[in-house]
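Peer 1: quick one, structure for this:
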Amino acid sequence: MQKNPEKQSNTLAIVSYITLIGTLIAFFMNKEDRNPMVSFHVRQALGLWLLHMILGYFIGAFDSWMISISFWVFFIVLFIYGIFGAVAGKKNEVPVLGPFFQKIFASIGQ
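Peer 2: Down below sits the predicted model:
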């Protein structure tokens, strides 16, 4: 059976947004082939997951459902934006935070 590298890269890019474990799976599966699109989405997803965990720790200290819902909606929109970019096979940076994640995690996938 012949492997379709474009389809596999889209699949790995999508998997990178599905939990932090998915990001790690996509990272390690991309280590051999070094597909630039998968590396791009792994950097975006890793940045989103780490920021989500760090901010979630501090947001949890507030006992306000309005703050919690705003936090969840913000991250759900960013993750959906990233997943749609991965499905389309495009390198769309997450709004506002995407360039920052690309700069910080530049060594991933190089």
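Peer 1: find me the pLDDT at Phe71, would you?
Peer 2: You'll see Phe71 listed with a pLDDT of 94.
Peer 1: just the element for it, please.
Peer 2: helix 65-88 (DSSP states H and E).
Peer 1: give me the residues contacting stretch 24-31.
Peer 2: By C-beta atoms under 8 Å, 6 or more residues apart in numbering, the residues outside stretch 24-31 that reach it are Leu12, Ala13, Val15, Ser16, Val38, Ser39, His41, Val42, Ala45, Leu46, Ile108, Gly109. No exception for glycine: its C-beta is placed from N, CA and C like everyone else's.
Peer 1: also stretch 40-52?
Peer 2: Stretch 40-52 is contacted by residues 12-14, 16-17, 19-20, 22-23, 26-27, 30, 75, 78-79, 82, 85-86, 91, 93-94, 97-98, 100-102, 104-106, 108-109 when judged by C-beta under 8 Å, 6+ apart.
Peer 1: same deal with stretch 95-107?
Peer 2: For stretch 95-107, the surrounding residues in contact (C-beta under 8 Å, 6+ apart) are Phe40, Arg43, Gln44, Leu46, Gly47, Leu48, Leu51, Leu78, Tyr81, Asn92, Glu93, Val94.
Peer 1: just the C-alphas of it, formatted as CSV.
Peer 2: The C-alpha coordinates for stretch 95-107 follow below in CSV (Å, rounded to 0.1, in the frame of the first residue of the first chain):
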residue,chain,number,x,y,z
PRO,A,95,-4.9,35.0,16.0
VAL,A,96,-2.8,37.2,18.3
LEU,A,97,-0.8,34.3,19.9
GLY,A,98,0.3,32.4,16.8
PRO,A,99,3.4,34.4,15.9
PHE,A,100,4.5,34.3,19.5
PHE,A,101,4.2,30.5,19.6
GLN,A,102,6.1,30.1,16.3
LYS,A,103,8.9,32.2,17.8
ILE,A,104,9.1,30.5,21.2
PHE,A,105,8.9,26.9,19.8
ALA,A,106,11.0,27.6,16.7
SER,A,107,13.4,24.7,17.5
